[in-house]
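Student: Predicted model and sequence follow; I will ask about them next.
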Amino acid sequence: MREARTRWPRQRDAAPPGGAASPLASVTPTDADVCLRACAAHSTKLVAGLDRRRTALAEALRHLLSVHAATPAGPTPAATSIPLMRRTGKAAAAAAAPLADELLDPLLAVGNKALDCGYEDELKLALLIADAVLTQRKGSRAGWRLRARTLEAMGAETEAVEAYERYLSFTEDDGFGIAAKVVGLRAGARHQDELLRRLERDCPAAAAYADRPVTESWAEGLARRERGDREGAEPRLIGALLAQERSGAPVTELQEATSQYLGLAMEAAGTDPAAVARLAEIAGLYAEQRRSRMRGPVEDPTFGGVEWTTVGEFRNHIAGRSICLIANSQRVGSSSMGEEIDGYDLVVRFNSYRIDPAATGRRTDIHATIHKHGFNWDQKVHTRLVFGGVSGDWKHSLRNRLVPGAQQYLGDESLRWPLRDIGRVGADVWPAIPTTGFNMLWLLDHLDVSSRLDLIGFDFYESGAYRLPGAMRMPITSVHEYTSEKAWVMERAQSVTDMRIRLR
């Protein structure tokens with residue numbers, strides 16, 4: 001017999017009658033000072049350890065608090081008590097201290113690092129930060145996205161969908177694939193409901209236990225299984241699942257309990273063909289709801305006329321052609337080089353590139369992008385190269401983000417991470433994470449088959465970014481070492497002007 005799991009389903013308070021909104025459904029007015037004090041208090045709880053996620057959170061907290069200390073104090077609101085993790089009521093909103101502009105990005109960085117940790121205390125901190133931001137910046141896309149992701153991690157799926165939709169209402173460029181995420185969450189909820197209704201229909205006796213405490217029914221079910229009373233165990237275990245659903249348990253907890261039940265049921269079914277067939281259908285529904293919530297119902301990327309291209313095939317495609325790589329810089333955005341750019345045989349653009357025909361040119365033949373963002377994946381190009389350091393994450397992004405029909409050729413895994421995988425340049429030689437632009441440039445230089453290779457507007461963000469509006473709020477990440485990349489380029493440059501660096 002399988003031993004009882006130590007983490008049993010938990011009983012939640014009954015859902016409000018008539019489907020009343022959850023307390024998490026709307027933003028809780030949160031004072032900026034309360035939020036900052038909560039961050040300071042949380043930083044004292046983090047000690048040196050092996051959890052790299054909490055280490056990253058501690059570093060983000062230190063940065064936030066140092067920025068706060070250096071920020072001039074604004075008008076002091078009426079005195080309030082030392083912060084609780086959640087503050088509610090109109091009084092809190094009325095006495096809200098303003099959130100200084102200098103603190104917004106560091107505060108959101110802390111929220112995202114707290115979310116990455118995934119622990120209950122950190123999730124509460126992330127939600128507090130999201131509410132503090134949205135209390136004063138109701139249209140903050142980053143605030144709504146942080147709130148939505150945090151609620152999803154907490155299992156508050158209905159509220160997460162509402163927050164995701166608010167995010168979508170404030171942006172025109174769905175670079176993070178939020179629309180597909182919302183579709184997937186709703187599809188997952190439908191599959192979950194179908195699964196529970198199937199269990200309820202197949203085991204009518206479970207209804208007698210649906211209104212009892214979850215842990216009580218679950219414990220009784222496990223005990224009966226241990227005694228060999230499988231007929232008595234089944235309605236109690238299913239009844240516990242139904243009780244979780246009725247009490248509004250977080251989706252994550254209901255999924256875990258359902259997974260445990262299916263494991264126990266499959267063990268009990270043994271080799272009985274009828275029982276195995278019944279469970280196969282239920283397990284299929286369970287798998288489908290998990291799959292839908294992870295990535296949404298997106299078509300397979302091998303459909304829509306796209307073909308994989310290997311490093312060798314890509315080399316043949318670019319051989320003998322003139323190529324220009326267009327930076328996402330203000331230097332390009334304020335130029336008048338559009339016609340000259342379109343005169344190259346192949347035009348390469350990156351990530352969240354922005355098109356202004358007079359300044360940037362019209363054509364994009366090759367779109368090179370990091371797998372983590374979905375900007376411009378719907379724009380039609382001849383070849384799309386998606387870069388990523390972790391194979392599993394890269395594959396997941398392709399299935400989640402690729403738009404069938406938007407590209408003729410897609411780089412395969414041989415083109416996934418050029419500097420590291422093709423060049424075998426390890427972190428001991430190049431410690432920083434190579435940018436999309438550098439991976440692409442290194443690849444073209446390594447293949448060395450182009451008749452001309454020019455970089456247009458590459459000033460390594462000295463002039464600022466020129467990207468799609470939805471990407472302009474994203475910071476220029478610190479994980480890249482632009483100084484090293486610039487030195488590498490300049491060592492190989494044959495000529496340099498304000499707008500053009502020629503390598504061939």
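Tutor: Okay, I see it.
Student: what about the closest residue to Ser322 other than its chain neighbours, neighbour count?
Tutor: In space, and not counting its chain neighbours, Ser322 is closest to Arg452: 3.9 Å by Cβ to Cβ, 6 or more residues apart in numbering. Quick note: C-beta positions are derived from backbone N, CA and C, even for glycine. Arg452 has 14 neighbouring residues, counting by other Cβ atoms under 10 Å.
Student: measure the closest residue in space to Phe458 that isn't next to it in sequence to Arg224 for me?
Tutor: Distance criterion Cβ to Cβ, 6+ apart; nearest residue to Phe458, sequence neighbours excluded, is Ala327 at 4.6 Å. In this view, Ala327 and Arg224 are 68 Å apart by Cβ to Cβ, to the nearest Å.
Student: quick one, which of the two is more surrounded?
Tutor: Ala327 (25 against 18).
Student: any idea how far that one lies from Tyr167?
Tutor: Ala327 sits 28 Å away from Tyr167, going by Cβ to Cβ.
Student: and what of Ala205?
Tutor: Applying Cβ to Cβ, the value for Ala205 to Tyr167 is 44 Å.
Student: what do you get for Tyr482?
Tutor: 30 Å.
Student: before we move on, the earlier item: please report how far the residue nearest to Ser322 lies from Asp131.
Tutor: The value you get for Arg452 to Asp131, if Cβ to Cβ is used, is 54 Å.
Student: and Leu415, what is it in contact with?
Tutor: 309-311, 314, 385, 422, 443 (Cβ atoms under 8 Å, 6 or more residues apart in numbering).
Student: let's see it at 7 Å
Tutor: Shown in contact with Leu415 (Cβ atoms under 7 Å, 6 or more residues apart in numbering): 311, 314, 385.
Student: Nearest to Arg504 among those?
Tutor: Phe314 (17.0 Å; Cβ to Cβ).
Student: Give me the neighbour count for the closest one.
Tutor: Other residues near Phe314 number 22, with proximity taken as other Cβ under 10 Å.
Student: pretty sure it belongs to a helix, no?
Tutor: Yes. Counting by DSSP: H, G, I helix; E, B strand; the rest coil, Phe314 is part of a helix.
Student: okay, Tyr482 and Tyr167: which has more neighbours?
Tutor: Tyr167 (25 against 17).
Student: Quick check: chain neighbours aside, which residue is closest to that one?
Tutor: Nearest to Tyr167 is Trp144, by Cβ to Cβ, 6+ apart, at 4.0 Å.
Student: what's in contact with the helix or strand containing that neighbour?
Tutor: According to DSSP states H and E, Trp144 maps onto helix 141-153. Contacts to helix 141-153, defined as Cβ under 7 Å, 6+ apart, come from residues 24, 108, 111-112, 115, 118, 123, 126-127, 129-130, 133-134, 137, 159-160, 163-164, 166-167, 170-171, 176, 473.
Student: average pLDDT across it?
Tutor: When pLDDT is averaged over helix 141-153, the result is 95.
Student: Quick check: what element follows that helix along the chain?
Tutor: That would be, after helix 141-153 and using DSSP H and E, helix 157-169.
Student: Buried residues, that following helix. List them.
Tutor: By neighbour count with 16 or more other Cβ atoms under 10 Å, helix 157-169 contains the buried residues 157-164, 166-168.
Student: quick check: angle from the following helix or strand past it to helix 157-169?
Tutor: Downstream of helix 157-169, the first helix or strand assigned by DSSP H and E is helix 178-202. On the basis of axes from the mean of the first three to the mean of the last three Cα atoms, to 10 degrees, helix 178-202 is oriented at 160 degrees to helix 157-169.
Student: just checking, what packs against helix 178-202?
Tutor: helix 157-169, helix 230-246, helix 273-295 (3 or more Cβ pairs under 7 Å, 6 or more residues apart in numbering; DSSP states H and E).
Student: of all these, which gets the most neighbours per residue?
Tutor: helix 230-246 (a mean of 22; mean count of other Cβ atoms under 10 Å).
Student: C-terminal to that one, what's the next element?
Tutor: helix 251-269.
Student: send the alpha carbons of that next one over as PDB?
Tutor: Output in PDB follows, covering the C-alpha atoms of helix 251-269 (Å, rounded to 0.1, in the frame of the first residue of the first chain):
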ATOM      1  CA  VAL A 251      -5.900  25.800  -7.700                       C
ATOM      2  CA  THR A 252      -2.400  24.700  -6.800                       C
ATOM      3  CA  GLU A 253      -3.700  22.800  -3.800                       C
ATOM      4  CA  LEU A 254      -6.600  21.200  -5.700                       C
ATOM      5  CA  GLN A 255      -4.200  20.100  -8.400                       C
ATOM      6  CA  GLU A 256      -1.900  18.500  -5.900                       C
ATOM      7  CA  ALA A 257      -4.700  16.600  -4.100                       C
ATOM      8  CA  THR A 258      -6.100  15.400  -7.500                       C
ATOM      9  CA  SER A 259      -2.700  14.200  -8.400                       C
ATOM     10  CA  GLN A 260      -2.500  12.200  -5.200                       C
ATOM     11  CA  TYR A 261      -5.900  10.800  -5.700                       C
ATOM     12  CA  LEU A 262      -5.100   9.600  -9.200                       C
ATOM     13  CA  GLY A 263      -1.900   7.900  -8.000                       C
ATOM     14  CA  LEU A 264      -3.900   6.000  -5.400                       C
ATOM     15  CA  ALA A 265      -6.700   5.100  -7.800                       C
ATOM     16  CA  MET A 266      -4.200   3.800 -10.400                       C
ATOM     17  CA  GLU A 267      -2.600   1.700  -7.800                       C
ATOM     18  CA  ALA A 268      -6.000   0.300  -6.800                       C
ATOM     19  CA  ALA A 269      -7.000  -0.300 -10.400                       C
END
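Student: In that helix, which of the residues would be classed as buried?
Tutor: In helix 251-269, residues buried by neighbour count (16+ other Cβ under 10 Å) are 251, 253-258, 260-262, 264-265, 268-269.
Student: What is that helix packed up against?
Tutor: helix 230-246, helix 273-295.
Student: which of these has the lowest average pLDDT?
Tutor: Of all the helices and strands packed on helix 251-269, mean pLDDT reaches its minimum on helix 273-295 (a mean of 86).
Student: what mean pLDDT does the helix or strand that comes right after that one have?
Tutor: Proceeding N to C from helix 273-295, the next assigned helix or strand is strand 307-309, under DSSP H and E. For strand 307-309, mean pLDDT is 88.
Student: Can you give me the distance of Thr55 to Arg137?
Tutor: Counting by Cβ to Cβ - Thr55 and Arg137 are separated by 29 Å.
Student: and if you look at Tyr344?
Tutor: For Tyr344, the distance to Arg137 - Cβ to Cβ - is 42 Å.
Student: Show me which of the two is the more surrounded one.
Tutor: Using other Cβ under 10 Å as the criterion, Tyr344 and Arg137 rank with Tyr344 on top: 21 against 15.
Student: what about that one, which SS state?
Tutor: Quick answer, by three-state DSSP: Tyr344 is coil.
Student: how deep is the closest residue to it other than its chain neighbours tucked in, by neighbour count?
Tutor: Once flanking residues are discounted, Tyr344 sits nearest to Cys324: 4.4 Å by Cβ to Cβ, 6+ apart. Neighbour count of Cys324, defined by other Cβ under 10 Å: 25.
Student: my read: Cys324 touches Arg452, true?
Tutor: No. Assessed by Cβ atoms under 7 Å, Cys324 is found out of contact with Arg452, at 8.2 Å.
Student: Could I get the contacting residues of Phe176?
Tutor: Phe176 sits next to 145, 373-374 when contact means Cβ under 7 Å, 6+ apart.
Student: Quick check: phi and psi on it?
Tutor: Main-chain dihedrals, Phe176, degrees, to the nearest 10: phi -100, psi 10.
Student: From Tyr167, how far off is it?
Tutor: Using Cβ to Cβ, Phe176 is found at 9 Å from Tyr167.
Student: Repeat that for Arg354.
Tutor: 21 Å.
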